[in-house]
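Novice: I need the structure of the sequence given here:
(chains A and B, ligands or ions: 1)
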Amino acid sequence: MKGDYVGQSLVRLDAEDKVCGRATYPGDFEMEGMAWMKILYAGRPHARVRGVDCAKAEALPGVLAVLTSRDVPCNEYGLQYPDQPVLCGPCDKEGADEVRFVTDQVAAVIAETEAIAEQALGLIEVDYEDLPAIFDPRQALEPDAIRLHPAYPGTPIHPELVFEFNVASRHRIRRGDVESAFEQADVIVESEYEIPGQEHAFLQPEAGLGYLDEQGRITVIAAGQWAHEDRAQIAHAMALEPEKVRVVYPAIGGAFGGREDESVQILLALAAQKVERPVKIVWSREESIVARYKRHKVYARARWAARKDGTLLAAENHVVADAGAYVYTTNKVMGNLLLTCNGPYRIPNVKTDVLGVYTNNLPKGAFRGFGAPQGNFIAESQMNKLAEKLGLDPVELRMRNLINPGEPMPWGSELPDDARGLKDSLEAVAERLGWSRDESGYRAPAKAARAGDPPHIVRGVGLAIGHKNVGFSFGYQENAWAGMELRGRGDEPEEGLVFAASSDVGQGTRTVIRQMAAEALGLPVEKLRVEPTDTAITGSSGSCSASRMTFMIGNAVRGAAEAVLARWREGQRPARAEHTYLAPKTTQIDGQTGAGDPNFSYGYVAAGVELELDTELGTYRFPRVICANDVGQAINPRLVEGQVEGAVIQALGWVSSEHFIERDGVAQTTTLSTYLVPTIADIPGEIETILIENPEPHGPWGARGMGEMPFIVVAAAVQHALRQAAGKWVDDFPFTIERVLRALKQER
Amino acid sequence: MIRCEYHCPRALGEALGLKAAVPGARVIAGGTDLMVRLRSRELAPAALISLRRIPELAGVREEQGGARIGAATTFTDLLDDPVVARDYPVLARAAARVGSRQIRNAGTVGGNLANASPCADSALPLLALGARVRLERSGGSRELPLDDFFLGPGATALAEDEILTAVILPPPDIGARALFLKKGRVKMDLAVASVAVLLSMDGPVCRKVRVAAGSVGPVPLRLREVEALLEGAAPTPERTARAAEVAMRCVAPITDVRSTADYRRHIVGVYLRRALESLLGREAA
Ligand SMILES: Cc1cc2nc3c(=O)[nH]c(=O)nc-3n(C[C@H](O)[C@H](O)[C@H](O)COP(=O)(O)OP(=O)(O)OC[C@H]3O[C@@H](n4cnc5c(N)ncnc54)[C@H](O)[C@@H]3O)c2cc1C
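Specialist: Numbering: from 1, shown residues only, chains lettered A, B, ... in the order given. Below you'll find the predicted structure:
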C-alpha cells in the first residue's frame, strides 16, 4: 500500500553528507590521547604457536602494550559457533594455540603512533611448529585427512554443525526415489560446476576506535551489521556482562555480508581496557582483502531428469563448499544453498547433499545471497540445459514446472500464497526480451544479428529466475526492536525520535525507517529524527543482512508507533514506547530428509541478460540487463532500484572480471589492481529494473525483503547468454577470456 | 606518510637550475605514476621538483605547421584542445582511454613518456605520428625522435640533469588516417595490449604506414617490418592478414599478472588487422 511516505522516493538522509565528504566513517574518529594498534598475522596456513616473546617489542619506545593469547579472558569467538581464537597462542582454551589460516591473528601492538606499532610487529618473536595443511575441501573429506578442529558436539541451536572429520556443517534433502526416476527419464542432464568465491570489496576498509566512555563502559565505534551481536561477542571474549560493553555504528562504507562477523571490534575493546586510553585501528586495503572471509567457493555435481514434455522427474545435487578455517556463517550459507539448488520447481524426487568443509584457506562466510547465488546457479543452469536438450523453450519449461502457491517445496513446506512473483517476474523479463506466446506456449525471439555488427561480434540472450528466503530462520525466532519518543506540549507532537539498531551500510535503512515511522505515526517526516545505532540507547533490531531489515524493522516501527500514539493520547509527555516484533515461527529442518518449515517469507526474482561477444578476443559486454523483482511494496522505489542495479553489477563482477585466487591458503589477488571489480565504464549499457508489487501479508505495508534477490539470478542468466553466443556451456566461472576462448575453439 | 624536500618553481629556468643543483631530486608532474612508487617505498627521492606551475610546460601550441605539446599538458587538456582534435585526433582518442577522469585531470603526457612503461597510452599514437621529444638542461637543449627516447622498461634517454619539456609533432599528413585500439582487463586499466596504426593511401597502394604496439615488449614498439610489408603495396585482405601475422611475430610480450604472452600476441594480431580494415573502410573496428 502506497501512502504519504511509503512508496515515495525520498532523498536519503545521508546523501548530502556523503556527497560533500562530511559523513564520518569509523576511520575518521579521533580522540584526545589516542593510541594506535596494529595486528600481527601468522603468515603460515597451519601451525602450533609454542610461544610468543614480546620483550623486544615492549621495550621499543612508544609501545604501550602487546596483546597475546593470554590477554584474552575467553579466547574464542564466532557468530554461529566460537571456533576461532581471538589471538592464537598458548592459553587455557584447548586448540587456541593453533593457527588455521595465514591471517589468523597472533598478537596486537598498541603504541603512540601507527608507525611505532608497525615497527614493533617486526620485533615480536613467535615460536611456530608448522603443521601439514589442506587446501582442497574434497581432499579434506578423505578419511585419512588431518583434522583441523577438535570434535565439538553439534549444538542444539544448530544441529547442522556436525564437526565430523572436517565437515563443519551438513545438510540434506531426501524426497521420493531418485534412482527409479532416472530410469523412467527421457532426458538427463549431468554437470559439474565450479563456482568461485568473491571478495566483498566494500569501499571502507575495516577500522574503528575503542575507548572507555564517561560511564567507564568499554566502547567500540566500528562498522558492523548487528551492533548487539558485536557487543555480545566482545563481552563473551572478555568474559564481561554485555552491559559493560557499548557498540556504536557511525557511517558505514558498505558491507554486503562482509561485516557480519567480527573484524577489529574485539581487539579494540581489549586494547582500550588494557591501556585505558582510546585506541584506533585502520586496516589497509590489502589487510581488508587478505585478512577477511570471502564468499564460499563451491564444487557441485548435478544430475536432473525430465520427461519429453518437460515434466521434471528428479534432481540430484551434491555440493561441497570450502568453508575455510572457521565456520563463521557457513551453516546458514549452506542451508540456503540447500533450499535454492533445486529451484522453485515441482520435483517429485530429490536428493541433495550439501557439505561445508574446513580447510586451511581463508574462512568463508556471509556474502549477499548467503549461498543462494551458488544454489541458484546450479538449478538454473540445469534448467537452461534441460530446455535445450528437450528442444523446449526455457520460459515454457519453467512455466510448466513452477511450484504453484500452496504446493509443497522439496522440503515439504508450502510455497506461500503470495508467491505469484515467480511467474510475474519471469513473464515480465521474457516479454522485455522479446518472447512471444501462442497456444503452443512461450517462444523466444528469432536470433537476429544486429545491423552494423562486424563479423566478430555475436550476441546471446539468457535468463534465470529464483527465490530466496527473507531472514535467517531455520527455527531461529527472528526479532527486531524499535523505540519511539514523541515530544511536545499541545495535541500534536512537535518532534518524534525513532530508535532502532539498524546498520546503514549504504542501502539507506535509516531513511526508510524514518519514512515508515512517519507513515505509521501520521506525522510529517521532517518532524522525525532517527537516533544513532548505539547499544546504549537501543534494543537489538537484529542483523542487517539476509534481506531482512526493512521487513523486520518496519513491523517493529509499526508496533512502536501504535503504542506511542496510545500513550500520547493518554496524555503522556513525552510519550515513550517500544516494541519487539517477532516474525512468524519457523522450524529447523530434519537432518536426514530436510523436512521442515524453515522460513516465513521469500522474495522472487528473474533476470534477463543480453551479451555481446567478441569471438576473436574472447571478451564480452552486456548491452542490457533486465531484472524483475517482486518486492511486495517498495517503501522507497529509488532506493530499491539502487539495490537492484548494485546487485546486478556486483553479480556481473562475480561472473566476469572478479577472480579471487588463493594458492596454498594465500590470497593472490591482494589489491584492487589484481582483484578487478567492475568500474563504472564496465557496467551494462542499460539496467532495466522492473518492480513487481504483490503484497507480502506479513510485511510492513506489504513490503518483502529484496536486497539479495537481484544478485542470485545473474550468473545463470549470463551463462545462458554465453551459451547462445559462444556455442558452448561453460560450467566454471568467472568466465575468463581463457575459458571463453577455449569454448569458442571447441565449437569451431 | 611521505616526507621529503619539495620545490615548486614558477619558471622553466628555475626548474632546470634545481634539477642540476639538487642531487637525487626527481621531477613530479601529475604524480599519478610517481606517487604510487613513493607510497610503496620503491622510491625515496631526496627532493621533488614540481612541474605544475611552469607556464612554458603547459598546453598545446601550433608551431611550424605542426604542434608543440608542453610536457606538463594533462590528458584532459589534450582532450579539450582544438588543434589536437583537428590535426591529431588519434592522440585524443588515446588520451580518452587513459585511466579515469581523475587520472586524466592529473596525469601528463610528459609523465607518461618519461615513466617509460611499455603500456604508455600516449606513446603509441605519438610514435605513429612521428613525434620528437625536446630534452632540456640548464644551458642546453636537444631533440630526438621518440623512437630513440625509450631505452627499456622505466629507462629513457634523459640524462640526470635533463627535463623533458615538449613533444614536437610534424605537420599533419594530409590524407592520413590513424586509429588507436586498446585492450584492458576492465575498461579503466593499463593496456594488456594496444595498437596504433597510421595509414595514408596513394590510389590503390599504401603510401605511408606507421604501426606501434604497447605492452608487448620492453618499450612501446614501432613495428617497422609490418610497415615495410604494407608500404607501396595494395592492402588486400590477404595482405592485411599477413601483416597481422608479421606483427604477432615481431612483438615480444611477457606473461604477468595482467595477461599471458600468448594472449597479448593474439590481441596485437587481431587489432592490427581490425585497425587496417577499419581505416580502409572495409570493417568496423
Ligand atoms: C589509477 C591509474 C590508472 C592509470 N591508467 C593509465 C592508463 O590507462 N594508461 C596509461 O598510459 N597510464 C595510466 N596510468 C599511469 C599514469 O597516469 C600515466 O603514465 C601518466 O601519464 C603519468 O603522468 P604524471 O604526470 O602523473 O607523471 P608523474 O607520476 O608525475 O611522473 C612519472 C615519472 O616521470 C617523471 N617525469 C614526469 N614528468 C617529467 C618530465 N617532464 N621530464 C622528465 N621526467 C618527468 C617523474 O619523475 C616520474 O619518474 C594510470 C595510473 C593510475 C594511478
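
Novice: how about residue B:111, secondary structure?
Specialist: Put simply, residue B:111 is helix when judged by DSSP: H, G, I helix; E, B strand; the rest coil.

Novice: ok, it to chain A distance?
Specialist: Going from residue B:111 to chain A by Cβ to the nearest Cβ, to the nearest Å gives 18 Å. Backbone N, C-alpha and C define where each C-beta goes, glycine included.

Novice: which residue comes closest to that residue once chain neighbours are left out?
Specialist: Closest residue in space to residue B:111, ignoring its immediate chain neighbours: residue B:29 at 4.2 Å, by Cβ to Cβ, 6 or more residues apart in numbering or on different chains.

Novice: need the contact list for the one you found.
Specialist: Residue B:29 sits next to B:50-52, B:71-72, B:107-108, B:110-111 when contact means Cβ atoms under 8 Å, 6 or more residues apart in numbering or on different chains.

Novice: repeat the analysis, applying 7 Å as the threshold.
Specialist: Shown in contact with residue B:29 (Cβ atoms under 7 Å, 6 or more residues apart in numbering or on different chains): B:51-52, B:72, B:108, B:110-111.

Novice: keep those residues, but drop any that are not near the ligand.
Specialist: B:51, B:108, B:110-111 (Cβ under 6 Å from any ligand atom).

Novice: tabulate these in a markdown table, adding columns for pLDDT.
Specialist: What follows is these, written out as a markdown table (pLDDT from 0 to 100):
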| residue | pLDDT |
| --- | --- |
| B:51 | 98 |
| B:108 | 98 |
| B:110 | 98 |
| B:111 | 98 |
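
Novice: need the buried ones from those residues selected in ChimeraX.
Specialist: This is the ChimeraX syntax for the buried subset of those, where burial follows 16 or more other Cβ atoms under 10 Å in any protein chain shown:
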select /B:51,108,110,111
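
Novice: returning to what we had before: name the nearest of the contacts of residue B:29 relative to chain A.
Specialist: Closest approach to chain A among the contacts of residue B:29 (Cβ to the nearest Cβ): residue B:111, at 18.4 Å.

Novice: for the stretch 101-250 of chain B, give the residue positioned nearest to chain A.
Specialist: Closest to chain A within the stretch 101-250 of chain B is residue B:187: 3.4 Å, counting by Cβ to the nearest Cβ.

Novice: surely that residue touches residue A:683?
Specialist: No - the criterion here is Cβ atoms under 7 Å, and residue B:187 misses it with residue A:683 at 9.3 Å.

Novice: what is the nearest of the ones next to the ligand among the contacts of residue B:29 to the ligand?
Specialist: Set against the ligand, the nearest of those by Cβ to the nearest ligand atom is residue B:111 (2.1 Å).

Novice: residue contacts, the closest one?
Specialist: B:29-30, B:32-33.

Novice: most neighbours among the residues you listed, which one?
Specialist: residue B:29 (28 neighbours; other Cβ atoms under 10 Å in any protein chain shown).

Novice: pLDDT wise, what is that one at?
Specialist: pLDDT recorded at residue B:29 is 98.

Novice: before we move on, what about residue A:504?
Specialist: For residue A:504, the predicted pLDDT is 96.

Novice: shaky segments in the chain?
Specialist: All of this is about chain A. Counting by pLDDT under 70, chain A contains low-confidence residues at A:153-154, A:448, A:747-748.

Novice: hm, I was asking about chain B
Specialist: Where chain B drops to pLDDT under 70, the residues are B:1.

Novice: before we move on, the earlier item: over to the nearest residue to the residue of the stretch 101-250 of chain B closest to chain A once chain neighbours are set aside. Which of the three states is it?
Specialist: Nearest residue to residue B:187, sequence neighbours excluded (Cβ to Cβ, 6+ apart): residue A:681, at 3.4 Å. Of the three states, residue A:681 takes helix under three-state DSSP.

Novice: could you report the neighbour count for residue A:681?
Specialist: For residue A:681, the neighbour count with other Cβ under 10 Å is 12.

Novice: quick one: it from the ligand, how far?
Specialist: According to Cβ to the nearest ligand atom, to the nearest Å, residue A:681 stands 11 Å off from the ligand.

Novice: same thing with residue B:166?
Specialist: From residue B:166 to the ligand the distance is 9 Å (Cβ to the nearest ligand atom).

Novice: so what's that residue up against?
Specialist: Contact partners of residue B:166, counting by Cβ under 7 Å, 6+ apart, are B:68-71, B:134.

Novice: and the helix or strand encompassing residue A:246, how far from the chain's centre?
Specialist: Per DSSP states H and E, residue A:246 falls inside strand A:245-249. How far strand A:245-249 lies from its chain's middle: 22 Å, per Cα atoms, centre = their mean, to the nearest Å.

Novice: neighbouring strands for it, and are they parallel or not?
Specialist: Applying DSSP bridges, strand A:245-249 is found paired with strand A:218-222 (parallel), strand A:533-534 (antiparallel).

Novice: circling back to that earlier point, closest one to residue A:109 out of the ones next to the ligand among the contacts of residue B:29, please.
Specialist: Lowest distance from residue A:109 to these (Cβ to Cβ) belongs to residue B:111, with 38.2 Å.

Novice: count of residues packed around residue B:26?
Specialist: The number of residues packed near residue B:26 is 17, by other Cβ under 10 Å.

Novice: so what's the residue count around the nearest residue to it once chain neighbours are set aside?
Specialist: Spatially, and ignoring its direct neighbours in sequence, residue B:26 is nearest to residue B:45 (4.1 Å; Cβ to Cβ, 6+ apart). Per other Cβ under 10 Å, the neighbour tally for residue B:45 reads 18.

Novice: residues touching residue B:45, list them.
Specialist: B:4, B:24-26.

Novice: cool, residue B:191 as well?
Specialist: Neighbours of residue B:191 in contact, by Cβ under 7 Å, 6+ apart: B:119, B:121, B:182-184, B:214-215.

Novice: and it, that one's in a helix?
Specialist: No - per three-state DSSP, residue B:191 lies outside any helix segment and is coil.

Novice: residue ranges for the strands of the stretch 401-550 of chain A, please.
Specialist: Using DSSP state E, counting those that start in this stretch, the strands of the stretch 401-550 of chain A run over A:436-438, A:441-443, A:457-469, A:479-487, A:495-500, A:528-530, A:533-534.

Novice: who touches stretch A:68-87?
Specialist: Applying Cβ under 7 Å, 6+ apart, the contact partners of stretch A:68-87 are A:52, A:54, A:67, A:88-91, A:93, A:96, A:105-107, A:149, A:155, A:158, A:161, A:229, A:233, A:236-239, A:260-262, A:266, A:270, A:274, A:326-329, A:331-332.
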